[in-house]
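Asks: Provided below for reference: sequence and predicted model.
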Amino acid sequence: MLVGSAARPVAIIGGTRIPFARAHGAYAAEGNQSMLTAALRGLVERNRLQSARVGEVAAGAVLKHTRDFNLARECVLDSGLDPQTPAFDLQRACGTSLEAAIAIANKIALGQIDAGIAAGVDTVSDAPVVYPREYQQLLLRAFRGRSAWARIKPFFGLRPRHFKPQVPDAGERRTGLSMGESCELMAKRWGIARTAQDQLAFESHRRAAAAWQEGFFEDLVTPFAGLTRDDNVRGDSTVEKLAGLRTAFDRSPTGTLTAGNSTPLTDGAAAVLLASEDWARARGLPVLARLTFGKAWAVDFAGGHEGLLMAPVYAVSAMLKDAGLSLQDFDYYEIHEAFAAQVLCTLAAWESAEFCRERLGRDAPLGALDRGKLNVKGSSIAVGHPFAATGARVLATTAKLLSQDATARRGLISVCTAGGMGVTAIVERA
């Protein structure tokens, strides 16, 4: 160990996020820095951390401008924390802020720090727009020129094509497929029906709307840029309305994924405060839950061995072995809804004796989970999915659920990511 001789429990003190907004809407004029700063300020204010120095802030974004190379640190400087608080950026696609939480938790467990913040932010509305590499190389040749002629000559090679911008897309470089197209293949492989996907999407909206109505999110969300609530939640959604939407990725009769049963493009930010229990006690802060296990995994999607978004299936299996638990030993399951089909493929794989034997090396299937305990306050289809922020949102939600339920013991978190990866965690009641 780098510090100490025994691991300390890691407490989840609380989380704060700004309302999640559909892309090119309420936050169209905002950027990663303003949104993440707002989430951090909200966390600082609610936990009375003004001018306090915490051991570390870990945060990241998937879509970043070059100016955001030191994003976490820049946001800390405007957050209200002591400016001597260190910070670093990291990125694991949609698992970014959950990975950040695990990184912070490890430092706390080892005694390197007493408290830290994990966060994530993303904006599709302010995505970086770049120009072709050929144009970039031309400009660099001009920059390197040692004479006036050498600096001017490259520009004689300018062509109209150089001014065609390249907008970021969600395609996987190894396969050329978008995440939605990849998930369509998964849905076909596992036989996931359109009706089942629409039902899960409907439940996500219904539960998220109910959670807002009952005030569950009030102390988890801080207003920003005129928004006080997530603007994608559709309390009036019905299975019938969802069934009327056309497919989005496979327009043939066999397509099943639609805009309604997939996550919308979203802008937003979220942050979670983690600490040792002694630190929390000294500051008079409540301990909502403990972060006890975490696991990352990757699958060979490029070689066709496994579906792009199936890594959490493997990560959860391995994590359960670490913890000595079964899939049924949880009171809440928070499975990120990248697509309804992805969630349903995950559940089907855990229930498959053949898959669990041949892919997970288990003698028996992990089995079914109680759907009534799954995403009980809605999830990404309804709330939205700012890529790097989702893990922090889910972690804060799970911690609050456990703190409010005296009969609950633990929750399981699962987040799939681009690149065929997944990040998972176990949260236990304090």
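Replies: Perfect, I can see it now.
Asks: residue contacts, residue 293?
Replies: Contacts for residue 293 (CB atoms under 8 Å, 6 or more residues apart in numbering) come out as 319, 322-323, 425-426. Every C-beta, even on glycine, is put in place using the N, C-alpha and C of the backbone.
Asks: Assign the closest residue in space to it that isn't next to it in sequence to one of the three secondary structure states.
Replies: Spatial nearest neighbour of residue 293, excluding adjacent residues (CB to CB, 6 or more residues apart in numbering): residue 426 at 4.0 Å. Following DSSP: H, G, I helix; E, B strand; the rest coil, the label given to residue 426 is strand.
Asks: Among the contacts of residue 293, which one has the most neighbours?
Replies: residue 425 (29 neighbours; other CB atoms under 10 Å).
Asks: So what pairs up with it in the strands?
Replies: Assessed by DSSP bridges, residue 425 has beta-bridge partners residue 294, residue 413.
Asks: roughly how far apart are it and residue 67?
Replies: Using CB to CB, to the nearest Å, residue 425 is found at 31 Å from residue 67.
Asks: Would you map the strands across the stretch 151-300 of the chain?
Replies: For the stretch 151-300 of the chain, applying DSSP state E, counting those that start in this stretch gives strands covering 266-275, 289-298.
Asks: which of the ones you listed is buried the deepest?
Replies: Across the strands of the stretch 151-300 of the chain, the average number of neighbours (mean count of other CB atoms under 10 Å) peaks for strand 266-275, which reaches a mean of 31.
Asks: For that strand, output the C-alpha coordinates as PDB.
Replies: Output of strand 266-275 as PDB, limited to C-alpha atoms (Å, rounded to 0.1, in the frame of the first residue of the first chain):
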ATOM      1  CA  THR A 266     -28.300  15.400 -23.400                       C
ATOM      2  CA  ASP A 267     -26.300  18.300 -21.700                       C
ATOM      3  CA  GLY A 268     -25.600  18.200 -18.000                       C
ATOM      4  CA  ALA A 269     -23.200  17.700 -15.100                       C
ATOM      5  CA  ALA A 270     -23.100  15.800 -11.800                       C
ATOM      6  CA  ALA A 271     -20.800  15.500  -8.800                       C
ATOM      7  CA  VAL A 272     -20.600  13.200  -5.700                       C
ATOM      8  CA  LEU A 273     -18.800  13.800  -2.400                       C
ATOM      9  CA  LEU A 274     -16.900  10.900  -0.900                       C
ATOM     10  CA  ALA A 275     -15.000  10.800   2.400                       C
END
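Asks: how about low-confidence regions in the chain?
Replies: The model of the chain has pLDDT under 70 over residues 1, 4-5.
Asks: related to what we said a few turns ago, thinking the residue nearest to residue 293 is in contact with residue 409, fair?
Replies: No - Residue 426 lies out of contact with residue 409 (CB atoms under 8 Å); the separation is 10.5 Å.
Asks: what does the helix or strand containing residue 356 contact?
Replies: For residue 356, the host element (DSSP states H and E) is helix 353-358. The contact list for helix 353-358, computed with CB under 8 Å, 6+ apart, reads 317, 349-350, 362-366.
Asks: what residues are up against the nearest residue to residue 129 once chain neighbours are set aside?
Replies: Spatial nearest neighbour of residue 129, excluding adjacent residues (CB to CB, 6+ apart): residue 165 at 4.7 Å. With contacts defined as CB under 8 Å, 6+ apart, residue 165 is in contact with 129-131.
Asks: May I see those residues organised as a markdown table, with neighbour count, distance to residue 237 and secondary structure added?
Replies: What follows is these, written out as a markdown table (neighbours: other CB atoms under 10 Å; distance: CB to CB, whole Å; DSSP: H, G, I helix; E, B strand; the rest coil):
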| residue | neighbour count | distance to residue 237 | secondary structure |
| --- | --- | --- | --- |
| 129 | 10 | 33 | coil |
| 130 | 14 | 37 | strand |
| 131 | 15 | 40 | coil |
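Asks: ok, so of those residues, who is nearest residue 239?
Replies: residue 129 (38.3 Å; CB to CB).
Asks: how much space between the residue nearest to residue 293 and residue 117?
Replies: Using CB to CB, residue 426 is found at 20 Å from residue 117.
Asks: Residue 259 is in contact with residue 245, isn't it?
Replies: Yes - counting by CB under 8 Å, residue 259 touches residue 245, with 6.1 Å between them.
Asks: Number of residues surrounding residue 336?
Replies: A count of nearby residues for residue 336, using other CB under 10 Å, gives 30.
Asks: Need phi/psi at the closest residue to residue 428 other than its chain neighbours.
Replies: Spatially, and ignoring its direct neighbours in sequence, residue 428 is nearest to residue 410 (4.5 Å; CB to CB, 6+ apart). When read as degrees, to the nearest 10, the backbone of residue 410 gives phi -160, psi 160.
Asks: Next one: the residue at the greatest distance from the centre of the chain from residue 158, what distance?
Replies: Relative to the C-alpha centroid of the chain, counting by CA atoms, centre = their mean, residue 149 is the outermost residue, at 50.1 Å. Counting by CB to CB, the gap from residue 149 to residue 158 is 16 Å.
Asks: repeat for residue 312
Replies: For residue 312, the distance to residue 158 - CB to CB - is 47 Å.
Asks: more crowded one of these two?
Replies: Shown here are residue 312 and residue 158; by other CB under 10 Å, residue 312 has more neighbours (29 against 12).
Asks: which residues touch that one?
Replies: Neighbours of residue 312 in contact, by CB under 8 Å, 6+ apart: 297, 335, 346, 414-416, 422-424.
Asks: Phi, psi for residue 374 please.
Replies: Dihedral angles (degrees, to the nearest 10) for residue 374: phi -100, psi 120.
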